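Undergrad: Show me the folded form of this:
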Amino acid sequence: MARTATTTPGNVARVLRIVHESGPVTRAELTRQTGLNRSTVLALVGELVERGLVHEEFPAAGTAGADRPAGVGRPSAVVRASGDVVAAAVTVEIDTVAVALVALDGTMRDRLVEPQPSVPSAAVAVDAVARLLDVLTGRAAPELQLVGVGVAVPGIVRVEDGVVRDAPHLGWRDEPFAGPLAERLGLPVRAANDANLGAWAERLYGSARGVDDLVYLNGGASGIGGGIVSAGRPFSGADGYAGELGHTFVAANGIRCHCGAIGCLETEASRGTLTAVTGTPPDDLDALATALAAGHDAVDRVVDRQVTALATAIRNAIHTVDPQVVVLGGFLGVLLGHVGDRVEDDVRAQTMAAMTDRLRIVPAELGRDVLVRGAAELGFADLLRDGALPTTSGAAAAPATDHTTSDREDAVEEARSA
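TA: Below you'll find the predicted structure:
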């Protein structure tokens, strides 16, 4: 018999987000974090259990835990997010299209990567996603429930409707990507800039976990993307395009960028240049790290130029947004690992001293999963907003285009709605 709804929908979603983002958590801890009374939390968890979104585990009597000493009182139930409710996380690059199924409890259930013989058009990418997702769902366990799709795009994305305004490395301009993909899949689809999603993922689950002010820079096949979290919220700008740190100015005598400017970070520090001089495969970051460690005059010259450009870009970001942590992903993380403290020393040497008192520059922790985890958060958008599974696939066949300003801000600032 179904439980009669006695709780506030907003509080149901609030509890679900805590369990999803924090991992297994006791009912006692949920009570502390929400400020709600124990009976309300009990009812909220009960609703989520009935909906199949979480499950509870009861420690054996006498077991010590974070909430009470051994032998004192009744153990508090541990609430875990479901491993059977999943989002499809899509990443589109110049040479691959990948789809992963990520569960609400953070586990990677399955993943497929399809190499592309040439840079995929938006239509080719839609076909590839549909093909890969069909294989993934076909071989998934029957109890798996797919609730949404999130797409990480290496370019400027209008979050209201998932239109890719400009993805220069893909050659996409004003491509309505999320809409056609939603119509093809019959599922809600949301798209956002890949580095913005990466920044949020590192803040939730990676090397900047719990940090309220951070800058994230990721170096990949499509150049360098940047994302900013300020005061615990993604920094979006007027239209959701903020954080294009790959195009910050770093060299007056630099290389002309595809954007038309001279001396952009992504032209002065590029994965292609590093892999060319080291003779390593483009996607093999381990091989790149090994080649850099071997040392060679030509390699050292390229490294010196790239580290100088990177330090200048980080200085620009620090003077603009005052982060506590700068996270470097992709080949930039490899570069950081190779030169050690040199990046931070160079940044401090050209930055106002007071602004680097607490600064840390660290490699991304999530590795190749960073964009997948970020895209999955986007795929869980509706679920984490409402705390309820979608009632029908047809009702969510396409992304809405009439969101309010508040909805748009939620989409950009929380990487959950679009």
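Undergrad: Every contact and neighbour count from this point should use C-alpha atoms.
TA: OK.
Undergrad: Do a quick rundown of the helices in the stretch 251-400 of the chain.
TA: For the stretch 251-400 of the chain, the helices defined by DSSP state H, counting those that start in this stretch occupy 265-268, 271-278, 285-294, 297-321, 331-339, 342-349, 370-379, 381-386.
Undergrad: Could you identify which of those helices is most buried?
TA: Of all the helices of the stretch 251-400 of the chain, helix 370-379 carries the top mean neighbour count, a mean of 31, counting by mean count of other CA atoms under 10 Å.
Undergrad: and that one, what does it pack onto?
TA: strand 85-92, strand 96-103, strand 145-153, strand 189-193, helix 194-205 (3 or more CA pairs under 8 Å, 6 or more residues apart in numbering; DSSP states H and E).
Undergrad: how distant is the longest one from the center of its chain?
TA: The chain centre lies 3 Å from the centre of helix 194-205; the measure is CA atoms, centre = their mean, to the nearest Å.
Undergrad: Kindly report the same for the second one.
TA: Average the C-alpha atoms of strand 96-103, do the same for its chain, and the two points are 13 Å apart (CA atoms, centre = their mean).
Undergrad: got it, and stretch 36-56?
TA: Distance, centroid of stretch 36-56 to centroid of chain: 27 Å (CA atoms, centre = their mean).
Undergrad: what residue lies at the spatial centre of the chain?
TA: Geometric centre of the chain, nearest residue: G374, 2.1 Å, by CA atoms, centre = their mean.
Undergrad: And the pLDDT at that residue?
TA: Reading off the confidence values, G374 has pLDDT 94.
Undergrad: Could you verify my assumption that it touches R203?
TA: No - at 10.0 Å, G374 does not count as touching R203 under the criterion of CA atoms under 8 Å.
Undergrad: Ok, which of the helices of the stretch 251-400 of the chain comes nearest D134?
TA: Proximity to D134 (CA to CA) singles out helix 370-379 among the helices of the stretch 251-400 of the chain, at 16.6 Å.
Undergrad: got the angle for that closest one vs strand 145-153?
TA: With axes from the mean of the first three to the mean of the last three CA atoms, to 10 degrees applied, the angle from helix 370-379 to strand 145-153 works out at 120 degrees.
Undergrad: Give me the residues contacting helix 370-379.
TA: Contact with helix 370-379 is made by 87-91, 100, 102, 106, 147-152, 188-191, 194-195, 197-202, 364, 415-417, as judged by CA atoms under 8 Å, 6 or more residues apart in numbering.
Undergrad: other SSEs contacting the strand or helix carrying R109?
TA: If you go by DSSP states H and E, R109 is part of strand 108-115. Counting contacts by 3+ CA pairs under 8 Å, 6+ apart, strand 108-115 is packed against strand 96-103, helix 122-138.
Undergrad: C-alpha coordinates for that strand, PDB please?
TA: What follows is strand 108-115, C-alpha atoms only, in PDB (Å, rounded to 0.1, in the frame of the first residue of the first chain):
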ATOM      1  CA  MET A 108      29.900   3.700 -12.900                       C
ATOM      2  CA  ARG A 109      27.600   1.000 -14.200                       C
ATOM      3  CA  ASP A 110      28.800   0.800 -17.800                       C
ATOM      4  CA  ARG A 111      30.600   2.900 -20.400                       C
ATOM      5  CA  LEU A 112      31.100   2.800 -24.200                       C
ATOM      6  CA  VAL A 113      33.500   4.900 -26.200                       C
ATOM      7  CA  GLU A 114      33.200   5.200 -30.000                       C
ATOM      8  CA  PRO A 115      36.200   6.600 -31.900                       C
END
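Undergrad: Parallel or antiparallel, list what pairs with it.
TA: The strands beside strand 108-115 in its sheet (DSSP bridges) come out as strand 96-103 (antiparallel).
Undergrad: what inclination does the strand it pairs with have with respect to helix 122-138?
TA: 40 degrees.
Undergrad: Which secondary structure element of this structure has the lowest mean pLDDT?
TA: helix 405-414 (a mean of 40; mean pLDDT, DSSP states H and E).
Undergrad: ok, G340 - how many residues close by?
TA: G340 has 12 neighbours, counted by other CA atoms under 10 Å.
Undergrad: What backbone torsions are found at it?
TA: phi 60, psi -130 (degrees, to the nearest 10).
Undergrad: one step back: can you list the buried residues in the strand holding R109?
TA: 108-109, 111-113 (16 or more other CA atoms under 10 Å).
Undergrad: what sits up against that strand?
TA: With CA under 8 Å, 6+ apart as the criterion, strand 108-115 contacts 95-103, 128, 132, 136.
Undergrad: Stretch 199-217 too?
TA: Residues contacting stretch 199-217 (CA under 8 Å, 6+ apart): 21, 195, 198, 224-234, 245-246, 317, 322-329, 332, 362-366, 370-371, 373-374, 377, 415.
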